[in-house]
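>>> The sequence and its predicted three-dimensional model are supplied below.
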Amino acid sequence: MVKNILCIGAGYVGGPTMAVIADRCPDIRVTVVDINEKRIAEWNSDRLPIYEPGLEEVVRRCRGRNLFYSADIPRGIREADVIFVSVNTPTKTFGAGAGKAADLQYLEKTARSIVEYAEGDKIVVEKSTLPVRTAEALSRVLHANAKGLKFQIISNPEFLAEGTAIADLNDPDRVLIGGMETPEGRAALEEIVSVYARWVPRERIITTNLWSSELTKLVSNALLAQRVSSINSISALCERTGANVHEVARAAGRDSRIGAKFLKPGVGFGGSCFKKDILNLVYLCEHYGLPEVAEYWLDVVKMNEFQAARFVGNMVDAMFNTVAGKRVAILGFAFKADTGDTRESPAIDVCRRLLAEHAELAIFDPKALDNAKRDLADAPAGAVKFCASAAEAAEGAHAIALLTDWKEFRELDFEEIYRSMQKPAFLFDGRDLLDHRRLFELGFNVYPIGCGALTHFGEA
Ligand code: NAD
Ligand code: UDX
């Protein structure tokens, strides 16, 4: 019976996941530790380190009861019977595999801490997204101990999406748990199943061998990203042919074999997972001697880069082949709505391309401005302004580029915004979020993704 869970890594996954486990399992003591003491202090404060709808309520309910955020890693390890490892596994930026392989240094450091401080046997759960067969290396590091300690390794990848993390954790499509096919491995797996079974229907808890579980996480993200790249590729064709990508997606998605989800065209996918995990998959395919498979998946990333480049290309074309010295209001910088996270946000790429064209940027995002400032810290002096509202960003601008699907952008006073802008006023809707016909009627020249532009130029 699991009594004491430790999670190493208090990030976007560790923080919310453990909060929900604590909420659902009041008899289990859940502790979350991190080497980043500032982050831990924030988890213990009124201003949590990440924005996630519904998170604050769960944390407030459980913190100090059976949920603890702590910087005391040795104590946490000593006291836990189950340790979830939820550290970051970014793309390697140096050495062999740079630009594709996962950087596993944080995982290995965590394993070494476990070995150093553990005083008894433990179940170690891979919550981070990892290359297939990582458990093998993890097991070797953990078992290279002189204390005679035994560790059971379980893979339990996380499928939450940011912005809907709490809902995803409370009501997951599935929970995946992989273990070794030995009696001890099966017993450890059942322990982890028993934690989730408190609130997840048993038929949604899938158990597999370790390698299938590790690989499924990479494959799931690759398949989701592939759908986004697929529809984005079609959006380019729609813009050339007069077809409407939304009509195409709706009609194609009605086939139950295809399905309607993840066919929303846009300026490209972002987030800390899709690109990193596909590149990791590509690296694995190359490593295992499958260059054709590697190339196939790499195209999903290339199509994503093409979409952002195409978006900026369309902007420059429309604005008489130059944006130099023109003010462009950037509405939204987060990689999607309902998060302040900007990791791999397409806004970064779009803004860099606009800066390379010597545009002046005025950026507003309801939750992501601090991260945006960090992401664009190396922009030319004076070329980027960060604004307190969308109206402030748009004032005096030649164009608006909408890059994040924040619902509140729909409620903006576009009549007033139009009045405050330079004319002709351009609006590039990188998420097809707004009412284009109405904006056109207000006077904007509107450029959606994947369907015809609405401009006033033909009327002259
Ligand atoms: P994150 O960067 O937000 O958090 C990771 C935390 O681990 C950081 O706070 C870091 O300080 C801490 N850490 C690193 N090394 C440590 C060590 N040796 N000891 C203690 N703490 C250490 O990352 P994240 O977004 O939470 O992602 C974590 C993992 O989950 C990654 O493998 C990621 O691919 C995967 N994942 C992320 C998401 C997502 O939506 N962000 C979803 C599913 C899976
Ligand atoms: C993703 C996976 O969905 C989740 O299961 C996994 O655990 C982590 O990675 P996340 O990156 O948080 O989650 O968000 P997601 O909703 O998947 O969106 C990723 C990106 O794709 C965003 O930039 C989003 O705007 C974009 N997207 C998504 C589209 O452009 N069109 C779509 O139809 C769906």
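That came in fine, so what should we check first? Ligands and ions are numbered 1, 2, ... in the order given.

>>> number of nearby residues for Ala188?
Ala188 has 24 neighbouring residues, counting by other CB atoms under 10 Å. Heads up, the C-betas are built off the backbone N, CA and C, glycines and all.

>>> Could you see whether ligand 2 lies near the top helix by length along the chain?
For the chain, the helix reaching the highest residue count under DSSP state H is reported as helix 210-241. Yes: Helix 210-241 reaches ligand 2 (CB under 6 Å from any ligand atom) through 221, 224, 228.

>>> what packs against that helix?
Applying 3 or more CB pairs under 8 Å, 6 or more residues apart in numbering; DSSP states H and E, we find helix 210-241 packed against helix 134-143, strand 151-155, strand 175-179, helix 245-253, helix 274-287, helix 291-318.

>>> Enumerate the residues of this protein near ligand 2.
158-162, 221, 224, 228, 262-264, 266, 269-271, 273-274, 335-336.

>>> which of those are buried?
158-160, 162, 221, 224, 228, 262-264, 266, 269-271, 273-274, 335-336 (16 or more other CB atoms under 10 Å).

>>> filter these by proximity to ligand 1?
Within those, those near ligand 1 by CB under 6 Å from any ligand atom are 158, 160, 162, 273.

>>> Need the max-distance pair from the residues you listed.
Using CB to CB, these span at most 11.2 Å, a distance reached by Glu158 and Glu162.

>>> Now for the two: what residues contact both?
Residues touching both Glu158 and Glu162 (CB atoms under 8 Å, 6 or more residues apart in numbering): none.

>>> any idea of the pLDDT on whichever residue of the stretch 301-450 of the chain sits closest to ligand 2?
Residue of the stretch 301-450 of the chain nearest ligand 2, by CB to the nearest ligand atom: Lys336 (3.9 Å). Lys336 is assigned 98 on the pLDDT scale.

>>> ok, now Lys264?
98.

>>> Can you classify it as helix, strand or coil?
Here Lys264 is coil, with the state taken from DSSP: H, G, I helix; E, B strand; the rest coil.

>>> Spit out the contact partners of it.
Here Lys264 is in contact with 228, 231, 249, 431-432 (CB under 8 Å, 6+ apart).

>>> quick one on the thing from earlier: from what I can see the residue of the stretch 301-450 of the chain closest to ligand 2 touches Cys273, true?
No: using CB atoms under 8 Å, Lys336 makes no contact with Cys273, being 11.5 Å away.

>>> contacting residues around stretch 212-229?
So stretch 212-229 is contacted by 126, 129-135, 155-159, 176-178, 208, 261-264, 266, 268-269, 273-275, 277-278, 280-281, 284, 297, 299-301, 303-304, 307 (CB under 8 Å, 6+ apart).

>>> just the buried members of those residues?
By 16+ other CB under 10 Å, the contacts of stretch 212-229 give 126, 129-132, 134-135, 155-159, 176-178, 208, 262-264, 266, 268-269, 273-275, 277-278, 280-281, 284, 297, 300-301, 303-304, 307 as buried.

>>> Quickly name whichever of the ones next to ligand 1 among the buried ones among the residues of the chain next to ligand 2 is closest to Met1.
Using CB to CB, those come closest to Met1 at Glu158, 23.3 Å.

>>> Tell me the backbone dihedrals of the closest one, please.
phi -100, psi 130 (degrees, to the nearest 10).

>>> Now do the same contact list for it.
Contacts of Glu158 (CB under 8 Å, 6+ apart): 13, 17, 86, 127, 129, 217.

>>> how near is it to Tyr447?
37 Å (CB to CB, to the nearest Å).

>>> where do the strands sit along the stretch 1-150 of the chain?
4-8, 29-33, 67-70, 82-85, 122-126 (DSSP state E, counting those that start in this stretch).

>>> Tell me which residue is most central in this structure.
Centroid-nearest residue in the chain: Gly271, 3.1 Å away (criterion: CA atoms, centre = their mean).

>>> returning to that earlier point: out of the ones next to ligand 1 among the buried ones among the residues of the chain next to ligand 2, the closest to Asp370 would be?
Glu162 (16.0 Å).

>>> nearest residue to Ser235 other than its sequence neighbours?
Gly450 (3.1 Å; CB to CB, 6 or more residues apart in numbering).

>>> so what pLDDT did that neighbour get?
At Gly450, pLDDT is 98.

>>> Likewise for the one 5 residues further on?
Per-residue confidence for Thr455 comes out at a pLDDT of 98.

>>> distance of it from Asn445?
4 Å.
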